[in-house]
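> Okay, here's the prediction I keep looking at, along with the sequence it came from:
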Amino acid sequence: GCLSMCAGDFVEVYSQPDQAGTWDAVVTCFFIDTAHNILEYLEIISNILKEGGAWINIGPLLFHWADAHTYMDGEELSIEVSLETVERLAKDVGLRVETRDMRKCVYTANPTSMIQTVYNCAFWTMIKDSSLKSVVH
């Protein structure tokens, strides 16, 4: 089997035509909220998965670009949605929620430190099911 880890731009790398239907699974960690446009990420994940393939994700929905206008020139697109909306959009692109749970996750913490950052993270497995796919504009 193959394993791919992308340190570059997710959209640039995985939106290429040769990626379509290539992967049995996509695993993301503290990732989905890095999207400028979460619908674009969902479409790409659905597109690169084989039918019946799994997307396993854990992470918060903090949307890193939410306040980009305060520190960057120009306008940065940022679509910020709730977990429930992520699930509805996922269904529209052909991803079925198999399991979903909320988990506390420590982030960049020293276990012996008095300071720890803890996120309330969404942990899910979604399965590609093209019969769910609807036209998304």
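Perfect, I can see it now.

> C-alpha from now on. contacts and neighbour counts both.
Fine.

> next one: the helix or strand of the chain at the bottom of the mean pLDDT ranking to chain centre, how far?
Here the helix or strand of the chain ranked lowest by mean pLDDT, DSSP states H and E is helix 10-14, holding a mean of 92. Offset of helix 10-14 from its chain centre (Cα atoms, centre = their mean, to the nearest Å): 13 Å.

> Against Ser46, how distant is Glu40?
Taking Cα to Cα, to the nearest Å as the measure, Glu40 and Ser46 are separated by 10 Å.

> Give me the more crowded residue out of these two.
Ser46 (29 against 14; other Cα atoms under 10 Å).

> on that earlier part again, what are the contacting residues of the least confident helix or strand of the chain?
6, 40-41, 44, 48 (Cα atoms under 8 Å, 6 or more residues apart in numbering).

> same check, this time on stretch 17-25
47-56.

> how close does Glu12 get to Ile79?
Taking Cα to Cα, one finds Glu12 at 18 Å from Ile79.

> Looking at the two, which one has more neighbours?
Ile79 (14 against 8).

> Leaving out chain neighbours, which residue sits closest to that one?
Nearest non-adjacent residue to Ile79, counting by Cα to Cα, 6 or more residues apart in numbering: Asn37, 5.3 Å away.

> Torsion angles phi and psi at that neighbour?
Backbone torsions for Asn37, taken as degrees, to the nearest 10, come to phi -130, psi 100.

> show me where this protein has strands.
Taking DSSP state E, the strands of the chain run over residues 23-29, 49-59, 95-107, 117-128.

> in the protein, what spans have low per-residue confidence?
Along the chain, segments meeting pLDDT under 70 span 64-78, 135-137.

> rerun at 80
Regions of the chain meeting the criterion pLDDT under 80 cover residues 1, 4-7, 63-79, 109, 135-137.

> In it, which residue is most central in space?
Centroid check for the chain by Cα atoms, centre = their mean gives Ile32 as the closest residue, at 3.0 Å.

> residues contacting it?
38, 41, 59, 61.

> hey, C-alpha coordinates of stretch 22-40 in PDB?
Taking C-alpha atoms only, stretch 22-40 is exported to PDB below (Å, rounded to 0.1, in the frame of the first residue of the first chain):
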ATOM      1  CA  THR A  22      -6.800   6.800  -5.100                       C
ATOM      2  CA  TRP A  23      -7.000   6.400  -1.300                       C
ATOM      3  CA  ASP A  24      -8.600   3.800   1.000                       C
ATOM      4  CA  ALA A  25      -8.300   6.200   3.900                       C
ATOM      5  CA  VAL A  26      -7.500   9.800   4.700                       C
ATOM      6  CA  VAL A  27      -6.500  10.600   8.300                       C
ATOM      7  CA  THR A  28      -6.300  14.200   9.500                       C
ATOM      8  CA  CYS A  29      -5.300  15.600  12.800                       C
ATOM      9  CA  PHE A  30      -5.800  19.300  13.800                       C
ATOM     10  CA  PHE A  31      -6.300  20.000  10.100                       C
ATOM     11  CA  ILE A  32      -9.800  20.700   8.900                       C
ATOM     12  CA  ASP A  33     -10.000  24.200  10.400                       C
ATOM     13  CA  THR A  34      -6.900  25.300   8.500                       C
ATOM     14  CA  ALA A  35      -9.100  25.600   5.400                       C
ATOM     15  CA  HIS A  36      -9.900  28.900   3.800                       C
ATOM     16  CA  ASN A  37     -12.900  27.100   2.400                       C
ATOM     17  CA  ILE A  38     -14.000  24.000   4.200                       C
ATOM     18  CA  LEU A  39     -16.300  22.900   1.400                       C
ATOM     19  CA  GLU A  40     -13.300  22.800  -0.900                       C
END
